[in-house]
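Enquirer: Okay, structure incoming, though there's no sequence with it:
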């Protein structure tokens with residue numbers, strides 16, 4: 001869906017917030033359609049391998065070191081739920097909008113979907129922290145140690161990105177997509 005929304009070209013730039021710079025993943029095609037891609041991640045230990053059109057920088061998505069409207073498109077997949085509380089999520093989405101010249105595209109798990117996509121445990125993301133810390137040992141997913149998560153609903157995304165189109169996608173609305181023009 002991101003390719004259809006963004007309609008990338010080699011003359012356009014993309015900022016991928018929270019991605020991993022190494023190709024070999026689900027967003028290879030999207031990145032290859034842009035002339036210049038900057039992948040930013042707060043974790044400097046990310047794989048530094050990059051394609052010729054991709055550079056990697058360490059930066060915080062809540063305080064991006066880029067000028068207003070400095071990239072054509074801003075993209076973020078499955079990052080919003082990891083940035084922290086609602087105030088940090090609002091800073092993150094504000095930064096996406098601030099640096100985007102053409103638009104932004106964000107994907108995040110849906111708080112109202114019953115299965116947590118990090119642990120594959122039903123309703124894990126709705127449990128109190130102390131119970132999450134005990135339940136994480138039963139994780140069938142990629143998250144095997146407790147880390148704070150703050151999944152959002154479509155209403156939450158609408159309030160953070162009021163001009164965005166917000167829709168649920170995937171089986172039974174597992175994920176939310178929000179996109180809009182700068």
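Expert: In hand now; what should we look at? Just so we're clear, the structure is a prediction, and the values are computed from it rather than from any experiment.
Enquirer: can you pull the contacts of residue 74?
Expert: 14-15, 17, 96-97, 99-100, 103-105 (CB atoms under 8 Å, 6 or more residues apart in numbering). Just so you know, the C-beta spots here come from the backbone N, C-alpha and C atoms, and that holds for glycine as well.
Enquirer: Residue 56 against residue 45, yeah?
Expert: No - counting by CB atoms under 8 Å, residue 56 sits too far from residue 45 to count as a contact (11.3 Å).
Enquirer: Following the strand of greatest length in the chain in sequence, what is the next regular element?
Expert: Counting residues, the longest strand found in the chain (DSSP state E) is strand 100-109. Where DSSP states H and E defines the elements, the next helix or strand beyond strand 100-109 is helix 129-135.
Enquirer: Can you give the contact residues for that next one?
Expert: Contact with helix 129-135 is made by 119, 121, 124, 127, 146, 148, as judged by CB under 8 Å, 6+ apart.
Enquirer: Contact partners for the nearest residue to residue 80 once chain neighbours are set aside?
Expert: Once flanking residues are discounted, residue 80 sits nearest to residue 108: 4.3 Å by CB to CB, 6 or more residues apart in numbering. Taking CB under 8 Å, 6+ apart as the contact definition, residue 108 lies against 78-81, 151-152, 157, 175-176, 178.
Enquirer: beta partners for residue 108?
Expert: Residues in a beta bridge with residue 108, per DSSP bridges, are residue 176.
Enquirer: same question, residue 180
Expert: With DSSP bridges applied, residue 180 shows beta-bridge pairing to residue 104.
Enquirer: looking at it, residue 20 is touching residue 45, isn't it?
Expert: No - between residue 20 and residue 45 there is no contact under CB under 8 Å: 10.4 Å.
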